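A.B. asks: here you go, sequence then predicted model.
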Amino acid sequence: MLTIYAIPPSLYCAKLRILLRHKNLEWRELPPPGGYGSAAYRQVVPSGNLPAMLDGDLLLADGEAIAEYLEERYPAPPMLPRNPADRAKMRERGRFHDTRLEPALRALLGSIAPDRRDAALNERQSAILSEKLGQLSRMLETGPELAFGLGDCGFPITFAWIDALTPPLALSVAWPAAVLAFRARIEAEPAVAAELGAYRPVLQGWVAKTAGSPA
Ligand SMILES: N[C@@H](CCC(=O)N[C@@H](CS)C(=O)NCC(=O)O)C(=O)O
C-alpha cells in the first residue's frame, strides 16, 4: 500500500488525494515526523515538501513528480490523453494551476489572522486572482480531450480556498462563465466530490480558527 506524508489542511495533499481516489488506489497517511517544517521530517524528506510518498523503497516528494509516477505505474484510468499534443496541453493546465493560480492565493495566507489583515494586499490579490481566472477561461477554449486528468486535480481545491477566504478577507474575485462551467464539470467527478466532502470541513475549520471567527 502507498504511504503519503500529509497534513490535513494542505492544498497540495488534497490535490494528490483526488488523483489517488480517481485511480482507486489505497493509501495510508502519516503526519510528517516531528511536525510541519521539522528537522526530523527533513531527515526523511530532504526538501521538507508535503506531500511526499513512499511506494516500497521509493521515496518521492513533490506532487507533480508523484502524480506522473502514479500515472505511469497505475495507468488505469488514464489521466493523460493519448496523443503528445493533448498530453502537453494537460500538463500545461496543471503547471498553470501550480505556478500561476495557486501562488496568487498563497500570497493571502499571511493576511488571514485579524492582527495581520492587509486590506490593500487582499484587494491586489483579488485583482490578480480574477486575472488568472480570466487567463484560465481562455486556456479552456483549447483544452485537451480528456474528461478529467492530471492537470485538473489542483483546481477544485484552490477554488474551495478562494470560496473559504472570500468572506473573511472581503475578496472580490470575478469568475468567468467558462471557469464556472469547468468548475461544475470537475466537481461532478466522484473523486473530486469525495475529496471536497472530506476536505471542505477541514479547510473551513482551519480558516475559521486562523481568521478568529466561529467555525
Ligand atoms: N509544488 C509542490 C508544492 C507543495 C507545497 O507547497 N507544499 C507545502 C505544504 S501545502 C509545503 O511543503 N510546505 C513545507 C515546506 O515547503 O517546507 C508540490 O506540488 O508538491
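C.D. replies: Good, I have the coordinates. These figures come from a predicted structure and were not determined experimentally.

A.B. asks: contacting residues around the closest residue to D98 other than its chain neighbours?
C.D. replies: Residue nearest to D98 in three dimensions, not counting chain neighbours: G154, with 6.3 Å by Cβ to Cβ, 6 or more residues apart in numbering. No exception for glycine: its C-beta is placed from N, CA and C like everyone else's. Residues in contact with G154, defined by Cβ atoms under 8 Å, 6 or more residues apart in numbering, are L11, Y12, K15, G94, H97, D98, L101, E102.

A.B. asks: can you pick the most crowded of those residues?
C.D. replies: Among these, K15 has the most neighbours (other Cβ atoms under 10 Å), with 26 neighbours.

A.B. asks: return the residues in contact with the residue in the chain that the ligand sits nearest to.
C.D. replies: Shortest the chain-to-the ligand distance, computed as Cβ to the nearest ligand atom: residue-wise this is G63, at 2.9 Å. By Cβ under 8 Å, 6+ apart, the residues touching G63 are Y12, K15, L16, P51, D98.

A.B. asks: do you know how far the residue nearest to the spatial centre of the chain is from T166?
C.D. replies: The chain has G154 as the residue nearest its centroid, 3.4 Å off, counting by Cα atoms, centre = their mean. G154 is 19 Å from T166, where distance means Cβ to Cβ, to the nearest Å.

A.B. asks: check V173 too.
C.D. replies: From V173 across to T166, the span is 7 Å (Cβ to Cβ).

A.B. asks: now do Y36
C.D. replies: 25 Å.

A.B. asks: neighbour count: the two, which is higher?
C.D. replies: T166 (15 against 12).

A.B. asks: in which helix or strand does that one reside?
C.D. replies: According to DSSP states H and E, T166 maps onto helix 155-169.

A.B. asks: now do the next helix or strand after that helix against helix 155-169, angle only.
C.D. replies: Counting by DSSP H and E, the element after helix 155-169 in chain order, helix or strand, is helix 177-187. Using axes from the mean of the first three to the mean of the last three Cα atoms, to 10 degrees, the direction of helix 177-187 lies 120 degrees away from that of helix 155-169.

A.B. asks: elements contacting helix 177-187?
C.D. replies: Counting by 3 or more Cβ pairs under 8 Å, 6 or more residues apart in numbering; DSSP states H and E, the packing neighbours recorded for helix 177-187 are helix 119-139, helix 155-169, helix 190-211.

A.B. asks: that helix to helix 119-139, inter-axis angle?
C.D. replies: Put simply, helix 177-187 runs at 80 degrees to helix 119-139, going by the same axes, to 10 degrees.

A.B. asks: and the angle from helix 177-187 to helix 190-211?
C.D. replies: 110 degrees.

A.B. asks: over helix 177-187, what's the mean pLDDT, rounded is fine.
C.D. replies: On average, the pLDDT along helix 177-187 is 98.
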